[in-house]
Each structure stands twice: as C-alpha cells, then as structure tokens.
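*Asks:* Any chance you could fold what I've pasted below:
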Amino acid sequence: PIVAHLARAPISPDRGLTPREQFRLGRYELLGTTFEEIERRTRPGARLLSVGCGGAGKEKAICKALPDRSMVGVDIATETLERVRGELAEHGPQNLELQYGDFNALDLEPDSFDVILGLGAVHHIEALEEFWQQCRRALRPGGAVIAQEYVGPSRFQWTEAQIEHGNDALKKLVPAEHRC
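*Replies:* Sure thing, here's the model as predicted:
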C-alpha cells in the first residue's frame, strides 16, 4: 500500500525537545503523519529504506525517535553521504546506514524492507515504473511505501483550502485501507 495524506505544519526551532516531541511540536512537525504511520505500521526490529536521503536530516530524526528500528538511506551524492557518515559516526544514530545508490536504477533484494520512504524525493525519480516494481519486490508482506511530498511554489505555502481539496482528491484516489 501507499500511504497518502496531505498535512500543513510550520517549522519551528528546536526547543530542546526529544525527537518524538519534535515530530509533534517542533521542527519535524511536518513529518508528524509520516512518523505516526511508521510507528503504527512497524514493530521493533523493522527495516526501513529511505530513497534520496540527501543530508539525512529526516532519517536521523526518525531513527532517533524509533531506535528499535533500522533504516538504510540511499542517495547518489557521494560527498554528502561521506559527510553525513562522519556525523553519524560521531553523533549517531547508530541505527541509520547510508548507501550510495541511484533510485532510478535500484536493484533491491526481495522481501528486504518493511517500509520504503520517499521523504521529499519521489518527485526526482524519472524511472517511476521501475521504481515501483523495485518497491513491490523489496517490501515484505504487509509492507508499505510512505511518501511525503510537496507541490506548489513552496512546500510551506499551501492554504487550508488547498489542503482540503488535496485530501478530498486523495480520498477519491486512494482506497480507504491505505489512508491515514
């Protein structure tokens, strides 16, 4: 299943909150629904894949908030991956592994992930049909793709009316069992 939901949330500075609190109240509030879906759909020991992780800010926050799950972040930017690997070695979290990979040419092991994440990266994928085939292959039974995307001039400029219309469209397009 693909989990679909539009949400609006402000980014606010880190106020010394735990990663879990930051998801709900602080600078990761935009990921609140994504985090809740990961927590709801997985159990301790689950394995997650995040495509196009870049600097892995969202991935770090998820891994800190859910230390009993492991995540593989994939990106094509080798210099960024090296920098972030150094940060992870020094500050963690230890449950995040970064790998080089082009999400337009993935070759994922069958039944290897419980959740595949596209955290603001799916719009960069050119070979969408192949990507979805790889997702289907790599997901374990009951697994899900969770995509957090934005549309428009700025990801923070959606009006309440746009969110309402977007959610109405998703309700028509996405089966009820795959909605948040």
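*Asks:* Tell me which residues touch residue 39, please.
*Replies:* Contacts for residue 39 (Cβ atoms under 8 Å, 6 or more residues apart in numbering) come out as residue 66. C-beta: built from backbone N, CA, C; applies to glycine.
*Asks:* Does it lie in a helix or a strand, and which?
*Replies:* helix 32-41 (DSSP states H and E).
*Asks:* What average pLDDT does that helix get?
*Replies:* For helix 32-41, mean pLDDT is 84.
*Asks:* Likewise for stretch 93-109?
*Replies:* 95.
*Asks:* Scan the protein for its longest strand.
*Replies:* As assigned by DSSP state E, the longest strand anywhere in the chain is strand 139-148.
*Asks:* Does that one pack against any helices or strands, and if so which?
*Replies:* strand 2-3, helix 32-41, strand 113-119 (3 or more Cβ pairs under 8 Å, 6 or more residues apart in numbering; DSSP states H and E).
*Asks:* Can you give me the buried ones in whatever helix or strand comes next after it?
*Replies:* For strand 139-148, the following helix or strand on the C-terminal side (DSSP H and E) is helix 160-173. Residues 166-167 are the ones in helix 160-173 that count as buried (16 or more other Cβ atoms under 10 Å).
*Asks:* Output helix 160-173 as CSV, restricted to C-alpha atoms.
*Replies:* What follows is helix 160-173, C-alpha atoms only, in CSV (Å, rounded to 0.1, in the frame of the first residue of the first chain):
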residue,chain,number,x,y,z
GLU,A,160,-6.1,25.4,4.2
ALA,A,161,-8.4,25.3,1.1
GLN,A,162,-5.6,23.6,-0.9
ILE,A,163,-5.0,21.0,1.8
GLU,A,164,-8.8,20.3,2.0
HIS,A,165,-9.0,19.9,-1.8
GLY,A,166,-5.9,17.8,-1.9
ASN,A,167,-7.2,15.5,0.8
ASP,A,168,-10.6,15.2,-0.9
ALA,A,169,-8.8,14.2,-4.1
LEU,A,170,-6.7,11.6,-2.2
LYS,A,171,-9.9,10.2,-0.6
LYS,A,172,-11.2,9.6,-4.1
LEU,A,173,-8.0,8.1,-5.5
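*Asks:* How far off centre is it?
*Replies:* 21 Å (Cα atoms, centre = their mean, to the nearest Å).
*Asks:* repeat for stretch 92-109
*Replies:* Chain-centre distance of stretch 92-109: 13 Å, with Cα atoms, centre = their mean.
*Asks:* Touching it from outside, list them.
*Replies:* Applying Cβ under 8 Å, 6+ apart, the contact partners of stretch 92-109 are 49, 51-53, 56, 59-60, 63-64, 66-76, 78, 81, 84-85, 88, 121, 124-127, 130-131, 134-135, 137-138.
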